[in-house]
Structure formats: C-alpha cells, structure tokens
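Enquirer: From the sequence below, what's the structure:
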Amino acid sequence: MEKIEITTTINGNQVTKSVEPRLLLTDFIRHDLRLTGTHVGCEHGVCGACTILLNGAPVRACLMLAVQANGQSIETVESLGTPDNMHPLQTAFHEAHALQCGYCTPGILMTLKPWVEENPNPTESEIREALSGNLCRCTGYQHIVDAVKSLSS
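Expert: Okay, here's the model as predicted:
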C-alpha cells in the first residue's frame, strides 16, 4: 500500500511521517510516535480512553485516521505536565485519589482540560455530564467529580 506523508503538530512539536492511509490515529500516536499515554479501549469511540485534543477540542483518536490529522494540532496527555510539574487537573486528580488503575485517566484528563477552562465553577451535575462520554470501571466517578470541584474551590 502506498504511504502518504503527513505533517502534524504533536504536543507543540512538528512531526512529518509517511503513513499508510488506513492507519488509525491511535496507532500513529502510540506506535509511530511512542506516546503511549493515549490508550486504546473499545476501538469504537465509546469508552473515551483514546481521547486527545485536536485543535483544542476533545476527539476520539480511535475514530480517526492518521491522515486526517495532517496539518492539525494534537495534544496528548503527555502535554499536560510531568511528575515534578503537574497540570492543575493532574494535581487535583492526585490529591482527590481520582484514579485507580489509571487506564481511563488520560482520556478523562484530555476531555476535562478544555471543559474546565470553559466551566470554571461547575456543579456536580455539570461535571457528571461532561464525564458521560468516558467510561471508568474502577472509581465510580465520585473522586473524579471531587477533583474537578476542587479546582473551583
């Protein structure tokens, strides 16, 4: 299969690679770029584990082809912070014990990052609605809600 050259900005760095037209964006991010924070869950866009920011908006990377990211800006969970310099959302998750196994956490963080910026003082109901597209099998969501609420306190 003939490859197509794409150029995209990933976490602030411009990347040019040749990819097969059928390569999923999740596979491009995880395997070609070695950014393994973007997780693959259901591969149907239901669970939210693969959520990234595309031009600032949360999208399911498992529902996109890498070629569709050509010319676009992508942020993965690796863009948020480091253990020594965490993003406020990461700090809130840590302090509220808002993760258990952590598999869904990168997708939830990437879903919430722009949402929290647009909704600085959300109600519990609004937070739960914002999280409704992300499935977590471990936490029961209450600690995640508490983490988001702590940002507006």
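
Enquirer: what's the distance between the residue nearest to T36 when sequence neighbours are not counted and T38?
Expert: Spatial nearest neighbour of T36, excluding adjacent residues (Cβ to Cβ, 6 or more residues apart in numbering): R30 at 5.5 Å. Heads up, the C-betas are built off the backbone N, CA and C, glycines and all. Separation of R30 from T38 (Cβ to Cβ, to the nearest Å) stands at 6 Å.

Enquirer: Give me the neighbour count for the residue nearest to T36.
Expert: Applying other Cβ atoms under 10 Å, we find 19 other residues in the vicinity of R30.

Enquirer: same deal with V67?
Expert: Neighbours around V67, by other Cβ under 10 Å: 18.

Enquirer: E5 is in contact with that one, correct?
Expert: No: with contact defined as Cβ atoms under 8 Å, V67 does not count as touching E5 (9.5 Å).

Enquirer: So for these two, which residues contact both of them?
Expert: Here V67 and E5 share the contacting residues V19, scored by Cβ atoms under 8 Å, 6 or more residues apart in numbering.

Enquirer: picking that back up, quick one, what contacts the residue nearest to T36?
Expert: 36, 38, 40.

Enquirer: domains of this structure?
Expert: 4-78, 88-151 (automatic domain parsing).

Enquirer: Export the ones you listed to JSON lines and append columns for mean pLDDT.
Expert: Converted to JSON lines, the domains of the chain look like this (pLDDT from 0 to 100):
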{"stretch": "domain 4-78", "mean pLDDT": "97"}
{"stretch": "domain 88-151", "mean pLDDT": "93"}
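
Enquirer: Surely K17 is within a strand?
Expert: Yes: under DSSP: H, G, I helix; E, B strand; the rest coil, K17 sits within a strand.

Enquirer: Which residues does it form beta bridges with?
Expert: I6 (DSSP bridges).

Enquirer: Neighbours of it, how many?
Expert: 15.

Enquirer: again with T7
Expert: 12.

Enquirer: mind listing what it touches?
Expert: 14-16, 70-71 are the contacts of T7 under Cβ under 8 Å, 6+ apart.

Enquirer: With T26 instead?
Expert: 38, 40, 43, 50, 61-62.

Enquirer: could you measure it against L54, distance?
Expert: On the measure of Cβ to Cβ, T26 and L54 end up 13 Å apart.

Enquirer: same deal with P21?
Expert: Taken as Cβ to Cβ, the span from P21 to L54 is 18 Å.
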